[in-house]
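K.L.:
Starting from these lines, generate the structure:
(one chain, ligands or ions: 1)
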Amino acid sequence: MEFFECIKMRRSIRQYSDRSLFMDDIEKIVDAGRLAATARNEQPWEFIVITNRDRLLELGAIVSPNGALVKGAAAAIVVLCRDTKYYLEDGSAATENMLLAATALGIGSCWIAGDKKDYCQKVLEFCSVPPGLSMKLVSIVALGYPEDASAFDTEKPKRRLDEVLHIDRFGRKKE
Ligand SMILES: Cc1cc2nc3c(=O)[nH]c(=O)nc-3n(C[C@H](O)[C@H](O)[C@H](O)COP(=O)(O)O)c2cc1C
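P.N.:
Residues are numbered from 1 along each chain as shown. You can find the predicted model right below:
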């Protein structure tokens, strides 16, 4: 898929079919995450892939209500980062790369909030992160083929380019 088409097609997809994902594709998605920009090249991330149905149900319950959609996903990738200065930016860059990689593969995805949520510690325990390691939960990426094939075509209200684009200084618009 052409790069800008992929960016335009990416949508948060929250309803998935029963079709399972190939591990090869999940690995391609994680690979896109690990290649993201990262401050000082620290690469503080770890990616925990969950595909077991019972584990997905358990994770979905922990991150409910906003992340309950994980229960119906074919997989979830928990994005953890060491507690570095730029962990949130690094983990977020990795997360977005993974959403785009999933889109390019025709796989639906949704970013579920991590950092700032009161379930962070529970998710670390769920992932069996050793208690001595200072890790942060940045996000959880839910994955699955869309239940509705037209999900990628859904119109989503987005701010217009000419509204958000400023030339040289705030408020100066392209002539
Ligand atoms: C930091 C962050 C946290 C998010 N958390 C959730 C979440 O917990 N549950 C959810 O369903 N969507 C979540 N989303 C997805 C947003 O709701 C979604 O990106 C937004 O509505 C725009 O829609 P789009 O992704 O289809 O363009 C999150 C997105 C970001 C960037």
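K.L.:
Buried residues of the longest helix along the chain, list them for me.
P.N.:
When the chain is parsed with DSSP state H, its longest helix is helix 87-104. Applying a neighbour-count criterion of 16 or more other C-beta atoms under 10 Å, one finds 87-104 buried in helix 87-104. Every residue, glycine included, has its C-beta placed from N, CA and C.
K.L.:
ok, it near the ligand or not?
P.N.:
No. Shown here: helix 87-104 not in contact with the ligand (C-beta under 6 Å from any ligand atom), separated by at least 7.1 Å.
K.L.:
Span of stretch 26-44 from start to end?
P.N.:
End-to-end distance of stretch 26-44: 20 Å, with C-alpha to C-alpha, to the nearest Å as the criterion.
K.L.:
pLDDT averaged over it - what is it?
P.N.:
Throughout stretch 26-44, pLDDT has a mean value of 98.
K.L.:
Mind listing what's buried along it?
P.N.:
Of the residues in stretch 26-44, those buried by neighbour count under the rule 16+ other C-beta under 10 Å are 26, 28, 29, 30, 32, 33, 36, 38, 43, 44.
K.L.:
With stretch 136-151 instead?
P.N.:
Here stretch 136-151 shows 136, 137, 138, 139, 140, 141, 142, 143, 144, 145, 146, 151 as buried, counting by 16+ other C-beta under 10 Å.
K.L.:
which one of those is nearest the ligand?
P.N.:
Of all these, the ligand sits closest to residue 139, with 6.6 Å by C-beta to the nearest ligand atom.
K.L.:
Double-check that the closest one belongs to a strand.
P.N.:
Yes. Judged by DSSP: H, G, I helix; E, B strand; the rest coil, residue 139 forms part of a strand.
K.L.:
interface residues of this protein facing the ligand?
P.N.:
So the chain meets the ligand at 11, 12, 14, 66, 67, 69, 110, 111, 112, 113, 156 (C-beta under 6 Å from any ligand atom).
K.L.:
Out of those, which sit inside strands?
P.N.:
Among those, the members falling in strands (DSSP state E) are 110, 111, 112, 113.
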